[in-house]
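> coordinates for the following, if possible.
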Amino acid sequence: MMKNKMKKSKSNSALFAAFPHTLPIMAGFLFLGMSYGIYMHSKGFSFLYPMLMSITVFAGSMEFAAVNLLLGAFDPLQAFLMTLMVNARHLFYGISLLDKYRGAGIKKLYLIFGLCDESFSINCSVTPPENVNKNKFMFFVTLLNQCYWVTGATLGGIFGNFIFFNTEGIEFVMTAMFVVIFLENWLKEKNHLSSLLGLFIPAFCLVLFGKNGYIIPAMLIIVATLILLKPYFTKREAKVKK
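Predicted coordinates for the structure are as follows:
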């Protein structure tokens, strides 16, 4: 009985610690999720489609792209290639999270499934309080973010009959949110080298490869650079701890 109470208490503390960090995501996901639900409704889909898609797929940009796939001819190869191209960045997210997810147990399965840009940003940049289990903190960050998206998508699908407005340019909300997360991380870190690499390498690849082909080369170069610089970061972190 005592063990169950302690587990519940630890889970609650992890939930309460994670929630404030997800508030900016909630604002963006509810808004964008509703626009997705409304968009699905405008194409003739019941609210069940955006709700189930957001529960089982949970890949915002791909969910928008999937609308045309559902309406077009059956072409699984095209769907596979488009999904791979749109979500290729998650390959690099996964590599960088190998150490963080180690020891997460059964929670690791959901952490992998529920990984999105926003959860990645929070789990990589935020250090949980000392009394909070790291794995439970990451779990609740991921779960809360998906709940926001599912809620927004479902509401958008339900109220699509009654809401009429132009959603063109609505995706900029996500860009603005990432700028805020980047600035928060910049203010917290003592060494800005990794942040500067994250700015200059994509900019260089954008010039070199163009806007349609720069993302994957940029991520490959960033990963390779960070691997090469890992001894430097390890030594610097050790000095800071001393």
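> what's near enough to touch residue 105?
Residue 105 sits next to residue 135 when contact means C-beta atoms under 8 Å, 6 or more residues apart in numbering. C-beta here means a position set from N, CA and C on the backbone, and glycine is covered the same way.
> how about residue 90?
Per C-beta under 8 Å, 6+ apart, neighbours of residue 90: residue 115.
> next, give phi and psi for it.
phi -70, psi -20 (degrees, to the nearest 10).
> ok, now residue 212?
According to degrees, to the nearest 10, residue 212 has phi -90, psi -10.
> any idea how far it lies from residue 99?
Taking C-beta to C-beta, to the nearest Å as the measure, residue 212 falls 33 Å from residue 99.
> equivalent analysis for residue 157, please.
On the measure of C-beta to C-beta, residue 157 and residue 99 end up 39 Å apart.
> how about residue 38?
40 Å.
> and the helices in this structure?
Ranges of helices in the chain, per DSSP state H, are 2-42, 48-56, 60-71, 76-86, 89-96, 107-113, 117-125, 134-158, 172-188, 193-209, 215-228, 230-241.
> and the second one, how far out from the chain's middle?
In terms of C-alpha atoms, centre = their mean, to the nearest Å, the centre of helix 48-56 is set 17 Å apart from its chain centre.
> picking that back up, residue 38 and residue 99: which has the busier surroundings?
The residue with more neighbours, out of residue 38 and residue 99, is residue 38; 24 against 8, by other C-beta atoms under 10 Å.
> so the more buried one makes contact with residue 160?
Yes: the pair residue 38 / residue 160 is scored as a contact, 4.6 Å apart, by C-beta atoms under 8 Å.
> so, low pLDDT: which residues of this structure?
For the chain, the stretches with pLDDT under 70 are 1-10, 163-178, 181, 237-242.
> what's the domain layout of the chain?
As assigned by automatic domain parsing, the chain contains the domains 2-187, 189-242.
> among the ones you listed, which is the most enclosed?
Among the domains of the chain, domain 2-187 has the highest mean neighbour count (mean count of other C-beta atoms under 10 Å), at a mean of 16.
> just the endpoints, please. Distance across stretch 98-106?
End-to-end distance for stretch 98-106, by C-alpha to C-alpha, to the nearest Å: 15 Å.
> please state the offset of it from the chain centre?
That offset, for stretch 98-106, works out to 17 Å (C-alpha atoms, centre = their mean).
> surely residue 86 is in contact with residue 64?
No: counting by C-beta under 8 Å, residue 64 is not a contact partner of residue 86; they are 9.5 Å apart.
> any idea how far residue 79 lies from residue 219?
Taking C-beta to C-beta, one finds residue 79 at 22 Å from residue 219.
> ok, residue 180 next?
Residue 180 is 22 Å from residue 219, where distance means C-beta to C-beta.
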